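Peer 1: predicted model follows, preceded by the sequence.
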Amino acid sequence: MRNKLIILIPNLRGSGCERVVAAMLPILVQFYHVQLVTYDAQCKYEMCEGVEWKVIDSPNIALSSLWGKGRRMLARVIAVSIVMRDFKPDLVLTFIDTCNIVGWMAHALARLKCPIIAAEHTIGREFFNGNLHANKYQFIMKYLLAFVYKRVSRLVAVSESMARYIKLDLHIDRKVDVIYNGFDAGVYCLPASFSEKNSEFSPWPKILAVGALNENKNQQLLISAFPYIKKFYPRAVLTLVGEGDLLQQLKSQAQKCLYEKDIIFEGWSDCVSDFYKNSDLLVHTSHYESFGNVIVEGFMCGLPAVCTPATSAYSEVFFAPYCGEVIASWRREDLVDAVLRVLSKYSCSTTLRVQLAIDSANKFAIERMISGYKFVLDEAITFSG
C-alpha cells in the first residue's frame, strides 16, 4: 500500500518552482498516492497519469489591501483543510512562501497528525528588497513564515544561501534541508554542434533571454545594452523567450532601436531547451531570483551566462569560471562589458562549453533532486511513526 501524499502549490503556470514540481510528479506517483492541490487551474504542463488534481478556485489575483489578502488566505486555509480532511494523507508537502503558511494552517485546522514538509523556493534578501508586494508586507510575512517554519515537520530550501537567510533573518534555529533544483539531462543536454563564430553568413553570437516579460525580469536593461554589443559583434541577434504584461512595451523599446530586426520575440515555448542549444550566451537581468532555474538549464546545454546580482544563490549556481559572470550591479555598462568578456572567453570554446554541460548535469541532475525530496519525505514518515 502506497502512502498518501498531498502536494500543495498555487498553480503550474510555468514559473521556476512550478517546473520543478511538474518534473517530479511522474516519479513521485511511482512511490506515493499523490493528490495535487492548487489554487487555480493554470497549468503549462501535461498532467501525468496517476495524479489526483484538486483545484480550490482561488486565483492569484492582485489585491491591494491587507484585509483583502487576509480574507483570501483564510478562505484558502478552509478550502485546503477540507481537501486534506477528505483525502486523509500520510504526508503533506507544500511549496512557496505564503502557500506554505496556508498549508500549515490548513493542516492544523484539519487536525491532521501526519508530517508536513515546507519547501521554500522564493524568499531571501533580494526577494524582499526587489518584490514590491513582499517589501510592503514583509514584517507580517516574515512573522508568519517564522511562526510556521518553526513548527513544520521538515523545512527544505533550494540553496545554502537561502538556508542561511532563513536561519539568520527569520531567527529559526533548526535544521534546514538543502535540495538544489534538478533538471532532466535527457532534455537539457549538449547540442549536436555549436554555432560557428566565423561563418560569414550566419548570425553570431546568438544571445538569449528566457523568462516572463515583467518588471522583475528587467529585459529593458538587455534591450538597451544590445546596440552597444552590436558595435563589437555586428552579426549578433537577441532572442527573448517568454510572455507577460510588458510584451508591447518591450516591443516598442526594440522598435526604437537601430537593430529592431535583430531582436526577436518568440513568446511562450514548451521547448525552451531548443533555444538553449541554439544560442551562444544566456543573459538574465532580473532584480531578484531565488535559485536561477533558467541559468542551470542553459548550463546543462553548454550555454554560459551573464547575470545581474539577483540572488546570493548564484555563488552556488556559478560553480566554475566557465559558467560565465555575475556582475555587481544593474548598470548597462557593466552588463555590456561582461557580455563581451564571456563571449570572447567561453562562448568561443567548444571544450569549455562541453565541460560546462557535463559538470552541470552531474551537479543539478533531476535524479539527485528527486532522491533528496524522497529521502526527506520517507524520513518524515518514519520518524512520525
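Peer 2: All right, it came through fine. Numbering: from 1, shown residues only.
Peer 1: C-alpha only now, for contacts and for neighbours.
Peer 2: OK.
Peer 1: please, where are all the strands along this structure?
Peer 2: With DSSP state E as the definition, the chain shows strands at residue ranges 3-8, 32-38, 52-55, 91-95, 116-120, 154-157, 177-178, 206-210, 237-241, 263-267, 281-284, 305-307, 324-326.
Peer 1: below-threshold pLDDT in this structure: ranges please.
Peer 2: Applying pLDDT under 70 to the chain flags the ranges 198-200, 385.
Peer 1: other residues contacting the biggest helix by length in it?
Peer 2: Longest helix in the chain by number of residues (criterion: DSSP state H): helix 66-87. Helix 66-87 is touched from outside by 6, 37, 39, 54, 56, 58, 63, 102-103, 105-107, 109-110, 112, with contacts defined as C-alpha atoms under 8 Å, 6 or more residues apart in numbering.
Peer 1: how deep is the nearest residue to Ser161 once chain neighbours are set aside tucked in, by neighbour count?
Peer 2: In this structure, Ser161 finds its nearest non-sequential neighbour in Ala313, 5.6 Å apart by C-alpha to C-alpha, 6 or more residues apart in numbering. Using other C-alpha atoms under 10 Å, Ala313 has 19 other residues around it.
Peer 1: so how far is Glu126 from Ala313?
Peer 2: 10 Å (C-alpha to C-alpha, to the nearest Å).
Peer 1: over to Pro203?
Peer 2: 35 Å.
Peer 1: how much space separates Gly298 from Ser15?
Peer 2: 16 Å.
Peer 1: who's more crowded, these two?
Peer 2: Comparing Gly298 with Ser15 by other C-alpha under 10 Å, the one with more neighbours is Gly298, at 30 against 14.
Peer 1: what sits against the more buried one?
Peer 2: For Gly298, the contacting residues are Tyr188, Ser273, Tyr276, Lys277, Leu282, Pro304, Ala305, by C-alpha under 8 Å, 6+ apart.
Peer 1: in contact with the second one, which residues?
Peer 2: When you say that, I think you mean Ser273. By C-alpha under 8 Å, 6+ apart, the contact set of Ser273 is Val187, Tyr188, Glu297, Gly298, Cys301.
Peer 1: what separation do you get for it and Val296?
Peer 2: With distances taken as C-alpha to C-alpha, Ser273 is found 11 Å from Val296.
Peer 1: then the third one?
Peer 2: If you measure Tyr276 against Val296 using C-alpha to C-alpha, the figure is 11 Å.
Peer 1: of these two, which one has the most company?
Peer 2: Neighbour comparison, Tyr276 and Val296: the larger count goes to Tyr276, with 30 against 26 (by other C-alpha under 10 Å).
Peer 1: does the more buried one touch Ala305 like I think?
Peer 2: No. Tyr276 is beyond contact range of Ala305, at 10.7 Å (criterion: C-alpha atoms under 8 Å).
Peer 1: the residue nearest to Ser161 against Ala163, yeah?
Peer 2: No. Ala313 lies out of contact with Ala163 (C-alpha under 8 Å); the separation is 10.1 Å.
Peer 1: quick one on the thing from earlier: dump the strands of the chain to TSV, plus mean neighbour count and distance to Leu74.
Peer 2: TSV is the format used below for those (neighbours: other C-alpha atoms under 10 Å; distance: least, C-alpha to C-alpha, whole Å):
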stretch	mean neighbour count	distance to Leu74
strand 3-8	20	16
strand 32-38	21	15
strand 52-55	16	16
strand 91-95	24	17
strand 116-120	26	19
strand 154-157	23	23
strand 177-178	19	28
strand 206-210	24	35
strand 237-241	21	36
strand 263-267	16	36
strand 281-284	26	36
strand 305-307	26	38
strand 324-326	23	40
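Peer 1: quick one: closest of those strands to Ile140.
Peer 2: Proximity to Ile140, assessed across the strands of the chain by C-alpha to C-alpha, is greatest for strand 116-120 (17.0 Å).
Peer 1: for the closest one, name the packing helices and strands.
Peer 2: Applying 3 or more C-alpha pairs under 8 Å, 6 or more residues apart in numbering; DSSP states H and E, one finds that strand 116-120 contacts strand 91-95, helix 97-109, strand 154-157.
Peer 1: so can I have TSV of the ones you listed showing distance to Gln255?
Peer 2: TSV is the format used below for the helices and strands packed on strand 116-120 (distance: least, C-alpha to C-alpha, whole Å):
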stretch	distance to Gln255
strand 91-95	40
helix 97-109	38
strand 154-157	41
